[in-house]
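1. output the structure for:
(2 chains)
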Amino acid sequence: DAKTTQPTSMDCAEGRAANLPCNHSTISGNEYVYWYRQIHSQGPQYIIHGLKNNETNEMASLIITEDRKSSTLILPHATLRDTAVYYCIVRPGGTSYGKLTFGQGTILTVHP
Amino acid sequence: DAGVIQSPRHEVTEMGQEVTLRCKPISGHNSLFWYRQTMMRGLELLIYFNNNVPIDDSGMPEDRFSAKMPNASFSTLKIQPSEPRDSAVYFCASSYQVSPPLSGANVLTFGAGSRLTVL
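-> The predicted structure is shown next:
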């Protein structure tokens, strides 16, 4: 399985963009990059995913480098409610039936 | 949609007792996952089912743990006998997966979790 490396923690001011990096240098050609987050005492929540192209939805944007060895999750206007642990996950290819392996993630703290 | 429903939300039991955690996946989803979360080990996949069939149970800690999915709308995770080290938050998640799985994306929806404390 491709492994991911994320910073342990990050801070962001409310209203500013939060840019969360993820390194996945061993990613395979058919593997997707997923981002989930977990707010305290809740289950993980899906944010966004991508393969090669940059992606945007109502929650965030995902920027994947051309060589696909790293990506950045962007929360354009962070709020206090975005304080959470953010997980970058690379989905195994083949017959994995959607199996996701979570790492330690990045603790994002949004402060006033 | 009510989402993935787990029960109980909190369970406190004594060592040696049997514990049964329950999960109702999202209607129409055909894959179901059981995860366990602890401070020391983070989120660990225990077992997952596709079309009610266990696909991979390599994450199940030991024989004390068992999981069943008798139908598409219900799954249980049982621990017998329970031990203090089983204390954790147990999450159930579901998704829709075509079979055999394609290379496309697969989004999991998680429940709120069941917090288990074994004294």
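
2. start and end of stretch A:19-38, how far apart?
-> 17 Å (Cα to Cα, to the nearest Å).

3. that stretch near chain B anywhere?
-> Yes: using Cβ under 8 Å from any Cβ of the partner chain, stretch A:19-38 reaches chain B at A:30, A:32, A:34, A:36. Heads up, the C-betas are built off the backbone N, CA and C, glycines and all.

4. got the buried residues for that stretch?
-> A:20, A:22-24, A:27, A:31-38 (16 or more other Cβ atoms under 10 Å in any protein chain shown).

5. what of stretch B:65-75?
-> Those would be B:65, B:67, B:69, B:72, B:75, for stretch B:65-75 by 16+ other Cβ under 10 Å.

6. name the element the last one belongs to?
-> Yep, that's residue B:75 we're talking about. Using DSSP states H and E, residue B:75 maps to strand B:74-79.

7. residues in contact with that strand: which ones?
-> Strand B:74-79 has contacts (Cβ atoms under 8 Å, 6 or more residues apart in numbering or on different chains) with B:18-25, B:32, B:34, B:46-47, B:49, B:64-69, B:86, B:90, B:92, B:116.

8. any low-confidence regions in chain B?
-> Scanning chain B for pLDDT under 70 picks out B:1, B:99-105.

9. and for chain A?
-> Applying pLDDT under 70 to chain A flags the ranges A:1-2, A:92-98.

10. show me the strands in it, by range?
-> Taking DSSP state E as the criterion, chain A carries its strands at A:9-13, A:18-23, A:33-38, A:45-50, A:55-56, A:61-64, A:70-75, A:84-90, A:106-111.

11. can you say which of those strands is nearest to residue B:12?
-> Nearest to residue B:12 among the strands of chain A is strand A:33-38; the distance by Cβ to Cβ comes to 23.0 Å.

12. circling back: just the buried residues of stretch B:65-75 now: which is nearest chain A?
-> Closest approach between those and chain A, by Cβ to the nearest Cβ: residue B:69, at 13.2 Å.

13. quick one: the closest one from residue B:75, how far?
-> According to Cβ to Cβ, to the nearest Å, residue B:69 stands 4 Å off from residue B:75.

14. anything in contact with each of these two?
-> B:32, B:49.

15. which positions in chain B make contact with chain A?
-> Residues of chain B lying near chain A (Cβ under 8 Å from any Cβ): B:4, B:31, B:33, B:35, B:42-43, B:45, B:48, B:50, B:55-56, B:91, B:93, B:95, B:97, B:99-101, B:103, B:105-113.

16. filter these down to just the ones in helices.
-> In helices, defined here by DSSP state H, there are no members of these.

17. out of those residues, which end up buried?
-> So, by 16+ other Cβ under 10 Å, the buried ones in the residues of chain B next to chain A are B:4, B:31, B:33, B:35, B:43, B:45, B:48, B:50, B:55-56, B:91, B:93, B:95, B:97, B:101, B:106, B:108-113.

18. correct me, but residue B:95 touches residue B:49?
-> No: Residue B:95 lies out of contact with residue B:49 (Cβ atoms under 8 Å); the separation is 10.9 Å.

19. overlap in contacts of those two?
-> Between them, residue B:95 and residue B:49 share these contacting residues under Cβ under 8 Å, 6+ apart: B:31, B:33.
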